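Colleague: Pasting the sequence and the predicted coordinates here, then a few questions.
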Number of protein chains: 2
Amino acid sequence: MDNLSKYFEVVDQSKQEFIDKLREIVAIPSVSGDATRRQDVIRMGLWLKEKWEALGAETKRVDPGMQELQGQTIPLPPIILGQYGNNPSKKTLLVYGHYDVQPALKEDGWNTDPFELVHNDKDQLVGRGATDDKGPVLGWLCCAEAFKRAGIDFPVNLKFCFEGMEECGSEGLEEVVRHEADKWFSGTDAVCISDNYWLGKNRPCLTYGLRGVSYFYITVEGPSADLHSGVFGGTVHEPMVDLVHLMSRLVDVKGKILIPSIYEKVAPLTLAEEKAYDGLDFNHDDLAKDLRSNVIIHDSEKDTLMHRWRLPSLSLHGIEGAFYGPGEKTVIPAKVTGKFSIRTVPDMDPAEVDRLACKYVADEFAKLNSKNKLTVKMVHDGRWWYSSPEHPNFVAGAKAIERVFGTSPDLTREGGSIPITLTFEEALNRNVLLLPMGASDDGAHSVNEKLDVRNFIEGIKVFGVYLEELSKPRVPLTNSGDQQQQQQQQQQMVAE
Amino acid sequence: MDNLSKYFEVVDQSKQEFIDKLREIVAIPSVSGDATRRQDVIRMGLWLKEKWEALGAETKRVDPGMQELQGQTIPLPPIILGQYGNNPSKKTLLVYGHYDVQPALKEDGWNTDPFELVHNDKDQLVGRGATDDKGPVLGWLCCAEAFKRAGIDFPVNLKFCFEGMEECGSEGLEEVVRHEADKWFSGTDAVCISDNYWLGKNRPCLTYGLRGVSYFYITVEGPSADLHSGVFGGTVHEPMVDLVHLMSRLVDVKGKILIPSIYEKVAPLTLAEEKAYDGLDFNHDDLAKDLRSNVIIHDSEKDTLMHRWRLPSLSLHGIEGAFYGPGEKTVIPAKVTGKFSIRTVPDMDPAEVDRLACKYVADEFAKLNSKNKLTVKMVHDGRWWYSSPEHPNFVAGAKAIERVFGTSPDLTREGGSIPITLTFEEALNRNVLLLPMGASDDGAHSVNEKLDVRNFIEGIKVFGVYLEELSKPRVPLTNSGDQQQQQQQQQQMVAE
């Protein structure tokens, strides 16, 4: 029996124990967005610290400071750093995860107590945090325990970084990552994050790209105070009317962005990339079922995924300052702010997106000939992220999935952003692999969040094989000093 | 000295006493929208009842029932009905007013305690309810007292109807008016309401028209729940995008309604009517100063007033279901409801406005080719009201103003609606005169609400002369059985 077969056997034998461990930590309501739960969040962080120390890891608790939340000043949860093994002849992997969870109340529509893990008859583990992100975070611990129990030398040096504020914007994390880059994290060869999801419900995936997001405010203001529409309707320039005209000119009903030149920098589709869209575990029937409505714009799955992953989009989120409640109110709002965002993709430049969008809105406003006052600005931008599935870190992940699931992984991108991915890549100058454990229907952030037992147990196996694969003397993980440069070369190669 | 000179003398002599009475009732915080103040509202109603009884009036307290407010079940404030004098040889006037007030807190920006009347150095009476509507309601009582004190026979039989729910939709009032039409209110020859304002700050006015309002909801719904714009942006039909496109097609930036045929039924402008717009106490400089911004659409005062009084307008009030808070949220709202209303004027028919607007929105939605679902409906309509300033009731009001102020009144309409006007006209089939006491800058519903001493004291004089004028054997007040018919004839006459 080879090392990995032995490892698999121990993982299978420990299944109930691992599930019970997950039950133990789901029971800690580590809701970072609720000030009254802050002690539970801290308790959860210390639980991880203690368990890893018991296994022999060296750890460090970093307290990033205080926070104002719901009228209270409370400590931010600790960031738990760790080092498991320190053999200079081994490669060093850094894993990131978060131990805080979204809020959950039985009254929200849960079938069971959200903080009591239920192993149901569909072989699912139901509970808040099961898949986001307690299952994966616990997975690394289970992986290390199984190696130890199997008496197999751990294949790599493992560093970890577990935070407790991910559901609230990861406050304090970026500074810690940048600060520790050449300290606690020095010597890192590659990074792995397990905090996203499979594309579908059946086939595992590796994720190599994320869209960025640039968020804009359009403010139109007129009179100094809200007006009565009886007295003033028809006689003054209404800020809402101007705003609605401007918002209607941003994007058409089929999702095409109307800002001139916005698509110019979008990376052209290469043949190789186009091929990667074939045969993915994704179909419109499932999507329409999830949406409970067929409001899908595109005819083919490929088109839908391209519009999610590799093309920019523009969404209108809402309006601040206008009437929003139920019932009727005959107000002319004096000052309204329309909010929209653009999802950005390679090779769009956020600064140029900012310039193009603001100029276009200002130009369109000038055409309106209104006496109201316009302000338009970008208030936030997060860059897109794009890696290469050919990188040895990804190849190791792919081989692990092939070994455990008997199938090659889907290679996916995501439409949303996971800002910490870019932070690790930039701060450590190392490749980052997104290696999800959960499936697309897990319902992270929703009611009845779950993690399939299969995903949990086979996911722990994948982690183990991945470490084994990383440890092999393949192309060195860190041969490319400049990740950005490497990916551009890659794109050029496939483009040629 | 004639009767009226004597009356004026008594009013002037009683000035401080009348101001003190206003101080007494401003101190009763009869805020109808605050459940904790309900006992104060009731106390205020009973104060009026008691004072009128002391003067010799017969009164009746009508309790319209219970109300759910802020989680409590509380009694609606009483409607105080009264009859002062019952001489069959005299004409009978019904006056309406309300004794409840808008909420007010010092913290809202008041310079002084809102429930403590301040007589300031500009000779203004500052306090919540001073002008809306405690001053005018008290005015009728002061008027009767002054006649009595002067030893002059009261010129008419006075009926009154004072309610305590006007600031909260006059709950319960309409039923009472219709029920009492041939009971308590039987024998009424004319109606007078003093609950609106002069057009400007200098010249008194009589008001002979109000716009109606038809309120609409446009609902667009797509997916069954809000979506993440990262995952779904660019791939699904976004309800907000559809809605914003529809809303942008309702009205242009200059206030022109884009619904086909909507202007067809608007009564043509007659020469006589156009002339009435000349020389009114109204100018754009004052308006811009009030708005603290020059966002006035039209070039001339006449155009502005026509767009306020005799032309329809369409205002966009807001959107329910979209993101409305401060900050950034990357949501794709699943279901959004746009709210807009159309101010209607003679001779628009609300049913036709409903049909035209809903059909237009549905047609425009069809053009969008969206897979989302549309619902559009009119949720409320209040009719416009139009009387004739030639009616003897108005002529009596005009003569009173000429006598007291030495100037003929502006003849005005209002852009907003006062639904009770139409209720009285329809239920009693009698002419209704709107005879405001306060000026345009009184700030009803706002902070530092005030009533000028001049408006209060001279207003009481106007009431007295108006009653005298009514009592004269001019054209009988009630010769036109059908008010609606009369006004149509009138319009035709001037149109020819």
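Modeller: In hand now; what should we look at? Numbers count the residues shown, from 1 in each chain, chains lettered A, B, ... in the order given.
Colleague: Using the three-state scheme, assign residue A:149.
Modeller: Using DSSP: H, G, I helix; E, B strand; the rest coil, the structure places residue A:149 in helix.
Colleague: so who does the closest residue to it other than its chain neighbours touch?
Modeller: Counting by C-beta to C-beta, 6 or more residues apart in numbering or on different chains, residue A:149 lies nearest to residue A:10, which is 5.0 Å off, once chain neighbours are set aside. Where you see a C-beta, it was placed from the backbone N, CA and C, and this is true even at glycine. Neighbour list for residue A:10: A:146, A:149-150 [criterion: C-beta atoms under 8 Å, 6 or more residues apart in numbering or on different chains].
Colleague: and of these, the nearest to residue B:193?
Modeller: For the contacts of residue A:10, the residue nearest residue B:193 by C-beta to C-beta is residue A:146; the value is 84.3 Å.
Colleague: still on that earlier bit, A helix includes the residue nearest to residue A:149, no?
Modeller: Yes - when classified by three-state DSSP, residue A:10 is found to be part of a helix.
Colleague: any low-confidence regions in chain A?
Modeller: By pLDDT under 70, the weakly predicted segments of chain A are A:1, A:474-475, A:479-496.
Colleague: Domain parsing of it, as residue ranges.
Modeller: A:3-209+A:384-488, A:212-267+A:310-382 (automatic domain parsing).
Colleague: quick one: which of the ones you listed is nearest residue B:358?
Modeller: With C-beta to C-beta as the measure, domain A:212-267+A:310-382 is the member of the domains of chain A nearest residue B:358 (16.4 Å).
Colleague: chain center to the closest one, what's the gap?
Modeller: Its chain's C-alpha centre and that of domain A:212-267+A:310-382 lie 27 Å apart, by C-alpha atoms, centre = their mean, to the nearest Å.
Colleague: what about that domain, start to end distance?
Modeller: Taking C-alpha to C-alpha, to the nearest Å, the first and last residues of domain A:212-267+A:310-382 lie 5 Å apart.
Colleague: Would you map the strands across the stretch 301-450 of chain A?
Modeller: Secondary structure of the stretch 301-450 of chain A, counting by DSSP state E, counting those that start in this stretch: strands at A:313-320, A:331-332, A:335-344, A:373-382, A:385-386, A:410-414, A:432-434, A:450-452.
Colleague: The second one near chain B at all?
Modeller: Yes - between strand A:331-332 and chain B, judged by C-beta under 8 Å from any C-beta of the partner chain, the touching residues are A:331-332.
Colleague: could the domains of chain A go into TSV alongside distance to residue B:220?
Modeller: Output for those, formatted as TSV (distance: least, C-beta to C-beta, whole Å):
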stretch	distance to residue B:220
domain A:3-209+A:384-488	22
domain A:212-267+A:310-382	11
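Colleague: Would you tell me which of those domains gets closest to residue A:279?
Modeller: domain A:3-209+A:384-488 (8.4 Å).
Colleague: Can you tell me the closest non-neighbouring residue to residue A:37?
Modeller: residue A:31 (4.3 Å).
Colleague: An error on my part: the question was meant for residue A:407.
Modeller: Excluding its sequence neighbours, the residue lying closest to residue A:407 (C-beta to C-beta, 6+ apart) is residue A:203, at 5.9 Å.
Colleague: my guess is the one you found meets residue A:409, correct?
Modeller: Yes - judged on C-beta atoms under 8 Å, residue A:203 makes contact with residue A:409 at a distance of 7.0 Å.
Colleague: Settle it for me: which of the two has more neighbours?
Modeller: Set residue A:203 next to residue A:409 and count neighbours by other C-beta atoms under 10 Å in any protein chain shown: residue A:409 wins out with 25 against 19.
Colleague: For the stretch 151-300 of chain A, list the residues in contact with chain B, please.
Modeller: Contact residues (C-beta under 8 Å from any C-beta) of the stretch 151-300 of chain A with chain B: A:211, A:213, A:215, A:222-224, A:227-238, A:240-242, A:244-245, A:247-248, A:251-255, A:291-298.
Colleague: Now do the contacts for the most centrally placed residue in chain A.
Modeller: Residue closest to the mean C-alpha point of chain A, counted by C-alpha atoms, centre = their mean, is residue A:418 at 3.6 Å. The contact partners of residue A:418, by C-beta under 8 Å, 6+ apart, come to A:193, A:195-196, A:210, A:385, A:434.
Colleague: Number of residues surrounding the residue nearest to residue A:37?
Modeller: Residue A:31 is flanked by 24 other residues according to other C-beta under 10 Å.
Colleague: and if you look at residue A:222?
Modeller: Neighbour count of residue A:222, defined by other C-beta under 10 Å: 27.
Colleague: Report the contact partners of it.
Modeller: Per C-beta under 8 Å, 6+ apart, neighbours of residue A:222: A:236-239, A:334-335, A:371-373, B:291, B:293, B:295.
Colleague: make it 10 Å
Modeller: By C-beta atoms under 10 Å, 6 or more residues apart in numbering or on different chains, the residues touching residue A:222 are A:232, A:236-242, A:332-336, A:370-373, B:291-295.
Colleague: If any of those residues are buried, put those into a ChimeraX selection.
Modeller: Buried members of those, identified by 16 or more other C-beta atoms under 10 Å in any protein chain shown, are gathered into one ChimeraX selection as follows:
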select /A:232,236,237,238,239,240,241,242,332,333,334,335,336,370,372 /B:291,293,295
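Colleague: just the helices in the stretch 251-400 of chain A please.
Modeller: All helices of the stretch 251-400 of chain A, identified by DSSP state H, counting those that start in this stretch, fall at A:271-276, A:284-291, A:301-309, A:350-368, A:392-405.
Colleague: Packing partners of the last one?
Modeller: Applying 3 or more C-beta pairs under 10 Å, 6 or more residues apart in numbering or on different chains; DSSP states H and E, one finds that helix A:392-405 makes contact with helix A:3-13, strand A:190-193, strand A:205-210, strand A:410-414, strand A:432-434, helix A:453-471.
Colleague: The longest one versus helix A:392-405: what angle between them?
Modeller: Looking back up the chat, that one is helix A:453-471. 140 degrees (axes from the mean of the first three to the mean of the last three C-alpha atoms, to 10 degrees).
Colleague: Now flag whichever of the contacts of residue A:10 is closest to chain B.
Modeller: residue A:146 (33.3 Å; C-beta to the nearest C-beta).
Colleague: Now do the same for the closest one: helix, strand or coil?
Modeller: The three-state label given to residue A:146 by three-state DSSP is helix.
Colleague: That one reaches residue A:55, doesn't it?
Modeller: No - counting by C-beta atoms under 10 Å, residue A:146 does not reach residue A:55; the two are 11.0 Å apart.
Colleague: Who has more neighbours out of those two?
Modeller: Counted by other C-beta under 10 Å, residue A:146 and residue A:55 do not tie: residue A:146 has more neighbours, with 24 against 15.
Colleague: which stretches of the stretch 151-300 of chain A form strands?
Modeller: A:157-163, A:190-193, A:205-210, A:212-221, A:227-228.
Colleague: what's near enough to touch the residue nearest to residue A:380 when sequence neighbours are not counted?
Modeller: Spatially, and ignoring its direct neighbours in sequence, residue A:380 is nearest to residue A:215 (4.3 Å; C-beta to C-beta, 6+ apart). Going by C-beta under 10 Å, 6+ apart, residue A:215 touches A:317, A:339-342, A:377-382, B:229, B:327-330.
Colleague: Just list whatever residues bridge to residue A:215.
Modeller: Using DSSP bridges, the bridge partners assigned to residue A:215 are residue A:341, residue A:380.
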